[in-house]
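Enquirer: Pasting the sequence and the predicted model now:
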Amino acid sequence: MKKLRLGLIGVGQMGNRIIQLAPERGHTITAEFKGNFPFTEERMIQAKDRVDVWIDFSHSTVTEKVVAVAAQYNLKLVIGTTGWYEKMDEVAKVTESSEAGVIWASNFSSGVYTFNKIVDFTASIMSKLRAYDVSIHEIHHNEKRDAPSGTSKTLAETLLKHYKASGLKSKIAPFSPGNTELNKDTLYISSSRVGQVVGTHEIMFDAPEDNIFLSHEARSRNGFALGAIRAAEWISTRKGFHNIDDFFADLMDGQE
């Protein structure tokens with residue numbers, strides 16, 4: 001495995017965990033944009049020759065700028081930032097018009113990826129059983145700024161694909177205690193922010209006779225950080241715009 005020089009854009013809890021784990025796989029952190037040394041396009045350009053792959057865990061307002069620099073200078077980039085999905089087509093177009101390599105995911109954990117596949121299969125069955133309603137609840141630590149989480153939105157899209165086809169659900173919306181009117185055709189995501197919870201996602205299928213639950217609970221951030229590092233290893237030899245399915249297809253085939 002090639003030893004990589006990694007650049008971190010946004011060094012919060014995830015970035016700090018990457019800093020801890022990267023040396024275990026032989027990689028070094030050669031650039032960090034954080035705190036009193038925040039990201040700017042100029043700083044990324046200045047550092048580009050000492051970085052093999054950039055990892056972005058910053059903020060949705062920064063990601064588009066990061067991609068623009070990556071495309072202009074044919075850089076390799078892992079995007080773990082959420083909340084920028086309305087720009088997805090534009091980001092893909094910019095990437096594909098260059099020699100850059102970009103991979104994005106709302107969550108790089110292999111456990112979460114597998115969980116999403118389980119949800120996909122389960123929804124293909126449950127969406128045909130009209131007695132069961134469905135919802136999502138996610139719990140994270142009290143410093144997480146966005147709600148619902150990017151992972152819960154990905155899970156919701158997986159569910160909605162099947163529930164739209166069956167005519168039971170047509171849209172996704174966050175649920176709050178202030179909701180006084182609930183629409184049966186809406187898939188609701190509820191959120192809790194408490195303590196130091198790393199991340200819990202639960203799907204509930206509810207019928208008058210019984211409940212069926214699917215859940216994933218992260219025990220630490222190591223799975224997320226390690227997944228991002230492995231994604232950096234994977235994208236380091238590729239170009240174009242990729243998603244998590246491309247990466248895990250190779251991983252499960254033993255090519256990673």
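Expert: Now that the structure is in, tell me what you want to look at. Residues are numbered from 1 along each chain as shown.
Enquirer: Can you pull out the low-pLDDT segments for this protein?
Expert: 252-256 (pLDDT under 70).
Enquirer: What are the boundaries of the strands in it?
Expert: For the chain, strands defined by DSSP state E occupy the ranges 5-9, 28-33, 53-56, 76-79, 101-104, 133-140, 171-174, 186-193, 200-206, 211-217, 240-242.
Enquirer: Partner strands of the third one and their direction?
Expert: In the sheet containing strand 53-56, its partner strands are strand 5-9 (parallel), strand 76-79 (parallel), by DSSP bridges.
Enquirer: before we move on, what about the fifth one?
Expert: The partner list of strand 101-104 in its sheet, established with DSSP bridges, is strand 76-79 (parallel), strand 240-242 (parallel).
Enquirer: Need the contact partners of that strand.
Expert: Under the contact criterion CB atoms under 8 Å, 6 or more residues apart in numbering, strand 101-104 has outside partners 67, 70, 75-80, 91, 95, 231, 234-236, 238-244, 246-247. Quick note: C-beta positions are derived from backbone N, CA and C, even for glycine.
Enquirer: Weed out the non-buried ones from the residues you listed.
Expert: Buried by 16 or more other CB atoms under 10 Å: 67, 70, 75-80, 91, 95, 231, 234-236, 241-242, 244, 246-247, out of these.
Enquirer: ok, the residue sitting furthest away from the middle of the chain - contacts?
Expert: Using CA atoms, centre = their mean, the residue of the chain lying farthest from its centre is Glu209. It sits 34.8 Å away. Applying CB under 8 Å, 6+ apart, we find Glu209 in contact with Ala131.
Enquirer: now it: how far from Leu129?
Expert: For Glu209, the distance to Leu129 equals 11 Å [CB to CB, to the nearest Å].
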